[in-house]
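Asker: model the structure of this input:
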Amino acid sequence: MKKLLSVTFIVALVLSVLPMSVSAAGAPELDAQAAILCAVSDDGKYDLVLYEKNADEKMYPASLTKIMTAIVALEHENDLSAEFIAYAKSLEVLGKGVYYLMPGEKMAFSDYLNLMLVPSYNEAANVIAYNIGGNLEAFVEMMNDKAAELGCTGTHFTNAHGLHDENHYTTARDMLTIARYAMQNETFAQIVAQTGITLPVTNKHKTESYLPTTNDLLRKSQGVYLEKATGIKTGYTSAAGNCLAASYYDPELGFEYYSVVLGCPEPTSEKSKVSFTDTKTLIKYATTGFSEQPILRATQPIVEVPVTLSPDGTSVVLLPEKSVSDFLPNTFNYETDLHIRAEGEALPADFDPTGKVILTYSVPAEIEAPIEKGQALGTLKLEFDGREICTMNLLSSLTLTKSEVLDTVNTFQNFTQTKAFKYLVIGIVALIVVLVVVIIITASARRKKRRKYGRGRYSR
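Answerer: Okay, here's the model as predicted:
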């Protein structure tokens, strides 16, 4: 019968070879109604969601919509110098929401992208939509098609700028997907990293115009500056609240971080620029609250399994085929957050898997010799917080030879359990019975014969 090694022994072994983390990093409390945060390592090893709050709830994106507008435009127009025209029809639908452009104004496609993404002008989004799609409806259809292509299941667009519409919505998770995809476009990434733009002289404007970004994370003068922030986009309507999709890159850590906060409240005397402060809280949580930590060594015993037919021993300890590290919260505690169990074994009723590493092994009830050291004899699955880290083989820690005598005895014992053996025994018993009956009958016949002939010979 297999037996789990002493938990105390395993924990002691782990602690002897693994460094304990001493910093604490509890999940932050945000004012945002919905939020999500992820970390992506430079080497491609990690792509993890580190925090989420109502990430799949229906929310309004406001001007974060323009991220998708830019994606669709850039994927349908490769020439950034192409001349775009601010058609009157594209401006009329915005009414008093037009702040800079004039009907008939001509600028390069790149200038309209700058105006839309950096100071976040709604009319620029409409101009781009009309120049790319021919009309707003066709362009919005392209936006929705792109959202579906990216796997967004909670998003629907009705316009290119993000002004409120009950049928224009998204989720924090979908917006994270959209923002991350957009940042893979070099042109988009360069635009949203700017602290401001200078618009050129046009047929409607006789002087250049400088307009700062709405993303105060990028501006040192705004009090919420975040060094190493690389973008991305702000948004606001009274229905959506303050929104922000942000990116942050730390080359020393080798990670890029993306976050989305939606539905942040209006600034107050006590809390100002909540979308920015919430984002900074998330970035700090990501950069100081997590690290790559070893959670399993190849020398760590996992389970001991009975062995038959070997003169060298009656059991073998199984070891992982490799060491494993993972990106974990610094609050992870090996003594309390590591749980080993057999496949199919129920977790304790009061067990909370949140923040726990669970090792689940699958091995035979017993193993027959011979066994070679390093031979795969089972499997081990590692999970953290419900996320599968990896699955690997469990290997024999030693070599155990096979006893021919024990094998012969075992073979005979196994044979005695078969139907063939039972039939053989029944046949032998039946044959013995038949032989006994034949012997009895033969003996009886001989006695009768002797009595018969004996009376005839001596009678007078």
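
Asker: got a list of contacts for stretch 203-217?
Answerer: If you take CB atoms under 8 Å, 6 or more residues apart in numbering as the criterion, stretch 203-217 is touched by 100-102, 104-106, 115, 118-120, 192, 194-201, 219, 222-226, 229, 231-234, 244, 246, 273, 276, 279-280. Every residue, glycine included, has its C-beta placed from N, CA and C.

Asker: filter those residues down to just the ones in strands.
Answerer: 106, 196-199, 229, 231-234, 244, 246 (DSSP state E).

Asker: what is the nearest of these to Gly344?
Answerer: Comparing the ones in strands among the contacts of stretch 203-217 against Gly344 with CB to CB places Ala246 closest, at 43.9 Å.

Asker: burial measure for that closest one, as a count.
Answerer: By the criterion of other CB atoms under 10 Å, Ala246 has 29 neighbours.

Asker: Ser259 is in contact with that one, correct?
Answerer: Yes - between Ala246 and Ser259 there is a contact at 5.0 Å, judged by CB atoms under 8 Å.

Asker: give me the common contacts of the two.
Answerer: 279, 283.

Asker: max-length helix in the chain?
Answerer: helix 419-458 (DSSP state H).

Asker: how about the helices in the stretch 51-200 of the chain?
Answerer: In the stretch 51-200 of the chain, the segments counted as helices under DSSP state H, counting those that start in this stretch are 65-76, 88-92, 109-117, 122-133, 136-149, 172-183, 186-192.

Asker: now the first one against helix 109-117, angle please.
Answerer: Okay, so that is helix 65-76. 160 degrees (axes from the mean of the first three to the mean of the last three CA atoms, to 10 degrees).

Asker: which elements pack onto helix 65-76?
Answerer: Contacts defined by 3 or more CB pairs under 8 Å, 6 or more residues apart in numbering; DSSP states H and E place helix 65-76 against helix 109-117, helix 122-133, helix 136-149, helix 172-183, helix 186-192, strand 229-237.

Asker: can I get that helix as PDB, trimmed to CA atoms?
Answerer: Extracted as PDB, the C-alpha positions of helix 65-76 are listed here (Å, rounded to 0.1, in the frame of the first residue of the first chain):
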ATOM      1  CA  THR A  65     -12.700  52.800 -27.400                       C
ATOM      2  CA  LYS A  66     -10.100  54.700 -29.400                       C
ATOM      3  CA  ILE A  67      -7.600  52.000 -28.800                       C
ATOM      4  CA  MET A  68      -9.700  49.700 -31.000                       C
ATOM      5  CA  THR A  69     -10.300  52.600 -33.500                       C
ATOM      6  CA  ALA A  70      -6.500  52.900 -33.900                       C
ATOM      7  CA  ILE A  71      -6.000  49.100 -34.300                       C
ATOM      8  CA  VAL A  72      -8.600  48.900 -37.100                       C
ATOM      9  CA  ALA A  73      -7.300  52.000 -38.800                       C
ATOM     10  CA  LEU A  74      -3.600  50.900 -38.700                       C
ATOM     11  CA  GLU A  75      -4.500  47.500 -40.100                       C
ATOM     12  CA  HIS A  76      -6.400  49.000 -43.000                       C
END
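
Asker: contacts for it, please.
Answerer: Here helix 65-76 has contacts from 109, 113, 116-117, 120, 125, 128-129, 132, 139, 142-143, 146-147, 157, 159-162, 168, 175, 178-179, 181-182, 185, 187-188, 191, 232-233, 235, 245, using CB under 8 Å, 6+ apart.

Asker: just the buried members of those?
Answerer: Burial by neighbour count, judged by 16 or more other CB atoms under 10 Å, picks out 109, 113, 116-117, 120, 125, 128-129, 132, 139, 142-143, 146-147, 157, 159-162, 168, 175, 178-179, 181-182, 188, 191, 232-233, 235, 245 from the contacts of helix 65-76.

Asker: if we can go back for a sec, pLDDT averaged over the longest helix of the chain - what is it?
Answerer: Per-residue pLDDT over helix 419-458 has a mean of 75.

Asker: same for it, what does it pack against?
Answerer: Against helix 419-458 (3+ CB pairs under 8 Å, 6+ apart) you get no helix or strand.

Asker: figure out how far it is from the centre of its chain.
Answerer: 80 Å (CA atoms, centre = their mean, to the nearest Å).

Asker: quick check: angle from the helix or strand hosting Leu262 to helix 172-183?
Answerer: Using DSSP states H and E, Leu262 sits within strand 255-264. In terms of direction (the same axes, to 10 degrees), strand 255-264 departs from helix 172-183 by 130 degrees.

Asker: partners of strand 255-264 in the sheet?
Answerer: Next to strand 255-264 in the sheet, as set by DSSP bridges, lie strand 34-41 (antiparallel), strand 241-250 (antiparallel).

Asker: for Ser291, which of those is the nearest?
Answerer: strand 34-41 (10.8 Å).
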